[in-house]
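Q: Generate coordinates for the sequence data below:
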Amino acid sequence: MRKNIFMLAISLLTAVYMYSQGGDNASLLVSDNQEAQLAYNKGITQFSESLYDDAAKSFETAVSIKKDYYQAYYNLGNTNIKQKKYKSALENFEKVAQLKSDYDKAYFGKGLAYLFLNDYTKSLESIDKAISLNDKEWRYYYYKGIAYYKLKEYAKADQALTTVISLTSDNAKIFADRGNVRLAQDKVKEAILDYKMAIGKDSKLEHSYLNLAAVMQEGGSIENAMNNCNKAVELNPKNASAYNNRACVYIAQEKLGKAMEDLNKALSLDANLALAYANMGAVYLKQEKYEDAIKQLNKAIELDDKLINAYVNRGSVREMLSDFKGACSDWRKASTLGFKKSEKYLQYCN
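A: Residues are numbered from 1 along each chain as shown. Presented below is the predicted three-dimensional model:
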């Protein structure tokens, strides 16, 4: 039976810096144009109240009055990030860099916008510029690590996150994320230590329990895996991923009925959780219910066309249905996505 699917997700921290924070007291700025400053300060208040559309309008009013108001452009970019208007954010951060070329946060803002736009190379270029201007800000290295992780340059991601920890060692999520990076490098022992460190710093960090459970199951420690999944469910009964991951442990225990209960619960909480459909397909494959398995695996791939194990398992189902051409097509797709054991499957394909 093919390997089941776990969620090992790096969590992004919020990294929006309002100019009025961190020692930059925007509300006390002296402006040549009182009207622009009033609009700006109104935007600061609206942003703090999560009224992002209103805040954007206020910052836009400020820059329309005072064309070189780089603080307003900067916070307009921050607001655009919150609005998920990443191209607009990029434009505003670029404007800040033009107006104040030595302002490190402008380049970090560009890097963050590029990251959300999935342009990881440009994200790194911008973040490196920010670091060249301020090498003591841990968030810059954190998102540098995220960008390298997205590029699958795991050793560099590890180095960046290690730098973060040297600058601030109290953030549990950093250890959890480095654990993910180290697991991607097959540094299992180091990953386990990082997950445990994360839990030690924040016993309510549910994703650390989930990722630790995944590693424990891979190592054959099923009971410990189940204990960690149960803890994650206890911490957040509305976390669909917790039920999905516990289902994987149930599958390993051959408790397929309990696995299906958890997968149905996961989908009741998140109807678009591709991993849950994929794992449901794995259960049906074990039960030799091939048509049901195909249906669930198709849904998983529809939601996430880069889900390796969905292709692997669908290939296995197609093999059982004597659709050898379809099976090989799925296994080849899994191989192109980075499936490490593809040779075992593809040896029977022409």
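Q: What's the local residue count around Gln347?
A: Gln347 is flanked by 8 other residues according to other C-beta atoms under 10 Å. Yep, even glycine has a C-beta here, placed from its N, CA and C like the rest.
Q: so who does it touch?
A: Going by C-beta atoms under 8 Å, 6 or more residues apart in numbering, Gln347 touches no other residue.
Q: So what touches the helix or strand harbouring Ser126?
A: With secondary structure defined by DSSP states H and E, Ser126 is part of helix 120-133. Helix 120-133 is contacted by residues 102-108, 110-112, 114-115, 137, 140-141, 143-144, 147-148, 150-151 when judged by C-beta under 8 Å, 6+ apart.
Q: please redo it, this time with the cut-off set to 7 Å
A: With contact meaning C-beta atoms under 7 Å, 6 or more residues apart in numbering, helix 120-133 is reached by 102, 104, 107-108, 110-111, 114-115, 140, 143-144, 147, 150-151.
Q: Quick check: buried residues in the helix or strand of the chain with the lowest mean pLDDT?
A: Here the helix or strand of the chain ranked lowest by mean pLDDT, DSSP states H and E is helix 342-346, holding a mean of 81. Using 16 or more other C-beta atoms under 10 Å as the test for burial, helix 342-346 gives Ser342, Tyr345, Leu346.
Q: State the mean pLDDT of the helix holding Ser126.
A: Confidence for helix 120-133, expressed as mean pLDDT, is 98.
Q: Next secondary structure after it?
A: helix 138-150.
Q: Please name every helix or strand in contact with the next helix or strand after that next one.
A: Sequence order places helix 154-167 as the next helix or strand after helix 138-150, per DSSP H and E. Packing partners of helix 154-167 (3 or more C-beta pairs under 7 Å, 6 or more residues apart in numbering; DSSP states H and E): helix 138-150, helix 172-184.
Q: nearest to Leu303, of those helices?
A: When these are compared by C-beta to C-beta, helix 138-150 sits nearest Leu303, at 19.6 Å.
Q: Contacts for that closest one next, please.
A: Contacts of helix 138-150 (C-beta under 7 Å, 6+ apart): 10, 12-13, 15, 108, 111-112, 115, 120, 123-124, 127, 130-131, 156-157, 160-161, 163-164, 167-168, 174, 181.
Q: One more: stretch 309-329?
A: With C-beta under 7 Å, 6+ apart, stretch 309-329 has contacts from 2-3, 5, 278, 281-282, 285, 290, 293-294, 297, 300-301, 330-331, 333-334, 339, 345, 349.
Q: still on that earlier bit, centre of the chain versus the least confident helix or strand of the chain, how much separation?
A: 29 Å (C-alpha atoms, centre = their mean, to the nearest Å).
Q: and what of stretch 135-151?
A: 13 Å.
Q: So which of the contacts of stretch 309-329 belong to strands?
A: With strands taken from DSSP state E, there is no overlap with the contacts of stretch 309-329.
Q: thought Ala242 was touching Leu210?
A: Yes. Taking C-beta atoms under 7 Å as the definition, Ala242 is a contact partner of Leu210 at 6.2 Å.
Q: can you pull out the helices in the stretch 1-150 of the chain?
A: 34-48, 52-65, 70-82, 86-99, 104-116, 120-133, 138-150 (DSSP state H, counting those that start in this stretch).
Q: If you count contacts, what does the longest one end up packed against?
A: Pointing back at helix 34-48 there. Using 3+ C-beta pairs under 7 Å, 6+ apart, helix 34-48 sits against helix 52-65, helix 70-82.
Q: okay, the angle between the first one and helix 86-99?
A: Relative orientation of helix 52-65 with respect to helix 86-99: 30 degrees, computed using axes from the mean of the first three to the mean of the last three C-alpha atoms, to 10 degrees.
Q: For helix 52-65, buried residues please.
A: Buried, per 16+ other C-beta under 10 Å, within helix 52-65: Tyr52, Asp54, Ala55, Ala56, Lys57, Ser58, Phe59, Glu60, Thr61, Ala62, Val63, Ile65.
Q: Can you add pLDDT and distance to Asn313 and give those residues back as JSON lines?
A: Converted to JSON lines, those look like this (pLDDT from 0 to 100; distance: C-beta to C-beta, whole Å):
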{"residue": "Tyr52", "pLDDT": "96", "distance to Asn313": "41"}
{"residue": "Asp54", "pLDDT": "97", "distance to Asn313": "48"}
{"residue": "Ala55", "pLDDT": "96", "distance to Asn313": "46"}
{"residue": "Ala56", "pLDDT": "97", "distance to Asn313": "45"}
{"residue": "Lys57", "pLDDT": "97", "distance to Asn313": "49"}
{"residue": "Ser58", "pLDDT": "96", "distance to Asn313": "51"}
{"residue": "Phe59", "pLDDT": "96", "distance to Asn313": "49"}
{"residue": "Glu60", "pLDDT": "97", "distance to Asn313": "50"}
{"residue": "Thr61", "pLDDT": "95", "distance to Asn313": "55"}
{"residue": "Ala62", "pLDDT": "94", "distance to Asn313": "54"}
{"residue": "Val63", "pLDDT": "95", "distance to Asn313": "53"}
{"residue": "Ile65", "pLDDT": "93", "distance to Asn313": "59"}
